[in-house]
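Visitor: Structure of the sequence below:
(chains A and B)
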Protein chains: 2
Amino acid sequence: LAIIERLQQDIEFLRNCSEPCEAGTTRLSYTNEYRKGANYIKKQMEDAGLAVREDSVGNIYGLLEGRDPYAPKIITGSHLDTVRCAGAFDGMAGVVCALEVARMLRDNGERLNHSFEVLGTIEEEGSSFGQVLLGSQFIEGSFGEKELDLVSSNNGKTLRQILTEYSQYESPMPACRREDKIKAFIELHTEQGPILESLGIDIGIVERIVAISWLNITVTGFAGHSGTVPMNNRQDAGIGAFNLIVDTNRFVKENYAESATATIGQIKLSPGSSNCIPSKCSFTVDLRSGEINNIEEITRYIHSQALCIEKQCGVAIDIRIASLKHPIQMDKQIQNLIKQSCNELGYTCKQMNSGAGHDAMIFARRWKTGMIFIPCVRGITHHPEECVTWENMAIGTDVLYKTILHLDK
Amino acid sequence: LAIIERLQQDIEFLRNCSEPCEAGTTRLSYTNEYRKGANYIKKQMEDAGLAVREDSVGNIYGLLEGRDPYAPKIITGSHLDTVRCAGAFDGMAGVVCALEVARMLRDNGERLNHSFEVLGTIEEEGSSFGQVLLGSQFIEGSFGEKELDLVSSNNGKTLRQILTEYSQYESPMPACRREDKIKAFIELHTEQGPILESLGIDIGIVERIVAISWLNITVTGFAGHSGTVPMNNRQDAGIGAFNLIVDTNRFVKENYAESATATIGQIKLSPGSSNCIPSKCSFTVDLRSGEINNIEEITRYIHSQALCIEKQCGVAIDIRIASLKHPIQMDKQIQNLIKQSCNELGYTCKQMNSGAGHDAMIFARRWKTGMIFIPCVRGITHHPEECVTWENMAIGTDVLYKTILHLDK
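Guide: Next comes the predicted model:
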């Protein structure tokens, strides 16, 4: 079984690999703090008897040779970078639990048939390059030499320039794994939501990573003085927008409470004075669902409701799809093995969708991929107070261990 | 009758007294552009045979001595400062029409019994000192020596420091007119709203300047990831706020369409990311009505509706009254004289409230005060496209002239 003290020691070390920040952990990719955290994990991999490698963009691996040199590899891990002022579990939990699985294999004298790799990816959060899932896209091969020059960080340096400095003491292997034989990729991650905790369930088995659609909506009205334009003469862009948001929220709650989400996280009124009737209101809508149909239906509703509100409020409404990502299916066989492992260990589990994006959605383009969710206290994430209990970390590790043994058969 | 060419020449000169700006006129108090505009008006006053004076805070007067040196004075005018990127009529119209009345008196050889003063006030808009109606408050006497040191501009200088430079070539008279005998103050101003134009009416006679209440409302919920928190588990501060705004807007439209306004001009979501459920939403409510009762009723409605939304959305709502100004009654006798003048001249008129604040509301604390509104194209104000037709400028001047003759009797 997983040893809590080891999990705890790794997590606490990584929690403290942070640049100074208000609260929590800030460990952005390619910083000195990131190097310190990566080197710590590499040292732990080594101590666990793994052959340590770093690839050309900074992803790190610990390899445990299997008995069959021709068998495809089993890889498990998650990301090591954080958002600003993050908690200590998002990403890290998946790396630390994978590392613990390697230690358990060693402790138990368990020799796998397949080679087994622990993976820590870099730049998943997109905090520095305006581009999420960067490290995994180099591994999967969608990104390559070209992107080293095309992708540049917030401070203007290209990824290639940054890597020259970051990897100067390393002799990295190529990042792309397309030519490799890979049997499966499994990512353990905190749920980042409240469902497992609220239902008292130990493990989430991800069926799909949801489809994500971002809409940019702009409502245009006519500005005016707050005191001199009667209520019925107004073309108030704000009121048009607020009505559309309230209607959309009600529609999604009533019809897709369990199967889709709609979130308005940004809004801007122009001119933005308390004594001006807004002439313009821009806001974002983040739509997510395991079923692309739901997103299409909700988008159609927004369009038709916008037509009503245009008439009702005397405004013009422009709706643009800023991005649309289709849902990503996790491998059914891996889902079943995770379920079987939970049952054998006596843990409760639930099949569910992931509302957040993960490296697993990149790997799933090419390899059999699965995800294990562990409960997250109050669903808090991307926040200094993010928390996973040590018990749940251990349960997750045990399920991951068992699943890998099943995969190895 | 008023001569359109003279009105036009004055307005066009003032329109061009502007610091460089994107569009329209920017003439902030105590700037070189303001000095240029004030000096132009002083020159016009002089040419019209008025005795020109500037007071210690920069308000300017042109005095036409009456036959009776013991009779109280009749004052008419408005402000000469603008907001940034303003039109050419807000404030200026009232000064230019008053100046034209003085010219008409001279042209017609009309000698008034009372002394007559044309007034151009400074710093009405509050663009530089975070304090509206500054010049008029010095005239009325609510502001005095103390405020010269207490009030400071956006760039940190006190009003006293600014005046030292601004008035260096002047020998100003004291600003406070409390000890003077003043019979009446009349301010002609653009309506700044669409009512007169939409009804095809020539002149608005202000009954009251409305009561204004500013509420600061903060809704507090619980942040979360847009994809991982199901719709029914959310405490979305934004959705709480949007519902309260939509309900308030509907309530005011249904119950106070003609008698009150409610405007939401500023809103802020925190943390403000498109993929974050907002933990906090702050917004302003600008409530206006001729009847303080209406404001109290609407405020009570907002409070009671907030209680429902707190339960419904799982949020906490904090409502603060940031400012509350009672309605200001214009003098009934002056209203009647304006009406009589319109009737005699064959112009249509309508008694109405002013939804905007004006220097007149300061003068009304101490003297008999009235306001004449002239129609404003499409109700556009505080905007480069603000427009009043020359015909309406002339009609307003003729009504003002007639009203002053009646007052003089």
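
Visitor: phi, psi of the closest residue to A:Gly314 other than its chain neighbours?
Guide: Distances taken as Cβ to Cβ, 6 or more residues apart in numbering or on different chains put A:Gln235 closest to A:Gly314, at 3.9 Å, once the chain neighbours are dropped. (C-beta placed from N, C-alpha, C; glycine too.) Dihedral angles of A:Gln235 (phi, psi; degrees, to the nearest 10) stand at phi -120, psi 80.

Visitor: thinking A:Gln235 is in contact with A:Ile317, fair?
Guide: No: in this structure, A:Gln235 is not within contact of A:Ile317 by Cβ atoms under 8 Å, at 11.8 Å.

Visitor: which residues in chain A form helices?
Guide: Assignment of helices within chain A using DSSP state H yields the ranges A:4-16, A:32-47, A:92-107, A:134-140, A:145-150, A:159-166, A:195-199, A:237-256, A:292-313, A:332-345, A:359-363, A:390-408.

Visitor: Dump those into a markdown table; add mean neighbour count as well.
Guide: Formatted as a markdown table, these follow (neighbours: other Cβ atoms under 10 Å in any protein chain shown):
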| stretch | mean neighbour count |
| --- | --- |
| helix A:4-16 | 17 |
| helix A:32-47 | 19 |
| helix A:92-107 | 25 |
| helix A:134-140 | 27 |
| helix A:145-150 | 13 |
| helix A:159-166 | 17 |
| helix A:195-199 | 17 |
| helix A:237-256 | 22 |
| helix A:292-313 | 16 |
| helix A:332-345 | 18 |
| helix A:359-363 | 27 |
| helix A:390-408 | 22 |
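
Visitor: mind putting these in a markdown table, distance to B:Ile267 and mean pLDDT included?
Guide: As requested, the helices of chain A are exported to a markdown table (distance: least, Cβ to Cβ, whole Å; pLDDT from 0 to 100):
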| stretch | distance to B:Ile267 | mean pLDDT |
| --- | --- | --- |
| helix A:4-16 | 36 | 98 |
| helix A:32-47 | 36 | 98 |
| helix A:92-107 | 36 | 98 |
| helix A:134-140 | 34 | 97 |
| helix A:145-150 | 37 | 94 |
| helix A:159-166 | 38 | 95 |
| helix A:195-199 | 30 | 97 |
| helix A:237-256 | 7 | 98 |
| helix A:292-313 | 16 | 98 |
| helix A:332-345 | 43 | 98 |
| helix A:359-363 | 34 | 97 |
| helix A:390-408 | 38 | 98 |
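
Visitor: and chain B, which of those helices is closest to it?
Guide: Comparing the helices of chain A against chain B with Cβ to the nearest Cβ, the closest turns out to be helix A:237-256 (4.7 Å).

Visitor: Show me what from the stretch 301-409 of chain A comes close to chain B.
Guide: Residues of the stretch 301-409 of chain A found near chain B (Cβ under 8 Å from any Cβ of the partner chain) are A:354-357, A:379-383.

Visitor: wait, which of those residues is closest to chain B?
Guide: Distance to chain B, by Cβ to the nearest Cβ, is smallest for A:Gly355 among these, at 2.7 Å.

Visitor: and the closest one, what is it in contact with?
Guide: Counting by Cβ atoms under 8 Å, 6 or more residues apart in numbering or on different chains, A:Gly355 makes contact with A:192-193, A:210, A:261, A:288, B:225-229.

Visitor: just A:Gly272 next, same as before
Guide: A:278, B:265-266.

Visitor: Go again with 7 Å.
Guide: Residues in contact with A:Gly272 (Cβ atoms under 7 Å, 6 or more residues apart in numbering or on different chains) are B:265-266.

Visitor: now swap in A:Arg234 and tell me
Guide: The contact partners of A:Arg234, taken as Cβ under 7 Å, 6+ apart, are A:224, A:277.

Visitor: Backbone dihedrals for the residue nearest to A:Leu159 when sequence neighbours are not counted, both of them.
Guide: Distance criterion Cβ to Cβ, 6+ apart; nearest residue to A:Leu159, sequence neighbours excluded, is A:Val151 at 4.5 Å. As for A:Val151, its main-chain torsions (degrees, to the nearest 10) stand at phi -80, psi 130.

Visitor: residues contacting A:Val151?
Guide: A:Val151 makes contact with A:129, A:131, A:158-159 under the criterion Cβ under 7 Å, 6+ apart.

Visitor: what does A:Gly265 give?
Guide: A:284, A:286, B:226, B:269, B:272-278.

Visitor: what do you get for A:Asp318?
Guide: Per Cβ under 7 Å, 6+ apart, neighbours of A:Asp318: A:217-218.

Visitor: again, only using 8 Å
Guide: Counting by Cβ under 8 Å, 6+ apart, A:Asp318 touches A:217-220.

Visitor: how about a markdown table for the helices of chain A, with distance to B:Tyr169 added?
Guide: Shown next, in a markdown table, are the helices of chain A (distance: least, Cβ to Cβ, whole Å):
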| stretch | distance to B:Tyr169 |
| --- | --- |
| helix A:4-16 | 67 |
| helix A:32-47 | 62 |
| helix A:92-107 | 71 |
| helix A:134-140 | 65 |
| helix A:145-150 | 62 |
| helix A:159-166 | 60 |
| helix A:195-199 | 75 |
| helix A:237-256 | 47 |
| helix A:292-313 | 53 |
| helix A:332-345 | 86 |
| helix A:359-363 | 73 |
| helix A:390-408 | 78 |
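
Visitor: right, and the ones you listed - which one's nearest B:Asn249?
Guide: Judged by Cβ to Cβ, the one of the helices of chain A that comes nearest to B:Asn249 is helix A:237-256, at 5.3 Å.

Visitor: Also compute the angle for that closest one relative to helix B:292-313, please.
Guide: With axes from the mean of the first three to the mean of the last three Cα atoms, to 10 degrees applied, the angle from helix A:237-256 to helix B:292-313 works out at 30 degrees.

Visitor: tally of neighbours for the spatially closest residue to A:Leu119 that is not a sequence neighbour?
Guide: Distances taken as Cβ to Cβ, 6+ apart place A:Gly77 nearest to A:Leu119, at 3.1 Å, with adjacent residues excluded. Here the count is done by other Cβ atoms under 10 Å in any protein chain shown, and A:Gly77 has 28 residues near it.

Visitor: wait, what's in contact with A:Gly77?
Guide: A:94-95, A:98, A:117-121, A:187.

Visitor: same question, A:Glu117
Guide: A:Glu117 makes contact with A:61-64, A:73-77 under the criterion Cβ under 8 Å, 6+ apart.

Visitor: can you tell me how far it sits from chain B?
Guide: Per Cβ to the nearest Cβ, to the nearest Å, A:Glu117 is found 28 Å from chain B.

Visitor: Let me see the contact set for A:Asn249.
Guide: By Cβ under 8 Å, 6+ apart, A:Asn249 lies in contact with A:262, A:264, B:231, B:236, B:239, B:242.

Visitor: right, and the last one touches A:Ile245 too?
Guide: Translated: B:Phe242. Yes: assessed by Cβ under 8 Å, B:Phe242 is found in contact with A:Ile245 at 4.9 Å.

Visitor: Mutual contacts of these two, please.
Guide: A:Ile264.

Visitor: Hmm, A:Arg67 is touching A:Ser115, no?
Guide: No: A:Arg67 lies out of contact with A:Ser115 (Cβ under 8 Å); the separation is 9.1 Å.
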